[in-house]
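Trainee: A predicted structure for the sequence below; I have some questions about it.
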Amino acid sequence: MVGLSESLADDVKPFGIKVTVLAPGYFRTKFLSSGSLVFGNNKSDDYEAIREATDHVVNKVDGKQGGDPEKAALAIIRTAEETNPPVHLLLGPDAYKMVSDKLAALQKEFDA
């Protein structure tokens, strides 16, 4: 989605339209709670490792998310009001770390 949004931002810029890609980290919401996050009943053994990893992350993170949803909402509103908003808006320290780690991995690959 990021690549599509970056392309869209370039395509619509001449028309005065601005595009910002939101990259949120984990926020203290009920998104990961058992009442909100539902997995299908038809489970394939082929995806068992992925399902176990997902369950582990959900159980590890649920209720312990570092991001404040009110601060995120304010940041989004401020960004929407900017004359020249950024194309990328990272929300939360975990989002910043994930993107920084990805950039470091890409740089290592490019250098090699």
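Mentor: Noted; the coordinates are in hand.

Trainee: who are the contact partners of G92?
Mentor: G92 is in contact with P24, G25, Y26, F27, G66, G67, A72, counting by CB atoms under 8 Å, 6 or more residues apart in numbering. Where you see a C-beta, it was placed from the backbone N, CA and C, and this is true even at glycine.

Trainee: quick one: least confident of those residues?
Mentor: Note: of those, the lowest pLDDT belongs to G66, at 69.

Trainee: list phi and psi for E82.
Mentor: Phi and psi for E82, reported as degrees, to the nearest 10, are phi -70, psi 150.

Trainee: are any of the contacts of G92 buried, and which?
Mentor: P24, G25, Y26, F27, G67, A72 (16 or more other CB atoms under 10 Å).

Trainee: contacting residues around the fifth one?
Mentor: To tie it back to what came earlier, the one meant is G67. Here G67 is in contact with P24, G25, Y26, F27, R28, L91, G92, P93, D94 (CB under 8 Å, 6+ apart).

Trainee: just to revisit the earlier point, out of the buried ones among the contacts of G92, which are inside strands?
Mentor: When the buried ones among the contacts of G92 are checked against strands (DSSP state E), the matches are P24.

Trainee: check the buried ones among the contacts of G92 and tell me the two furthest apart.
Mentor: The distance between the two most remote of the buried ones among the contacts of G92 (CB to CB) is 10.7 Å, for Y26 and A72.

Trainee: buried residues of stretch 70-88, list them for me.
Mentor: Using 16+ other CB under 10 Å as the test for burial, stretch 70-88 gives A72, A75.
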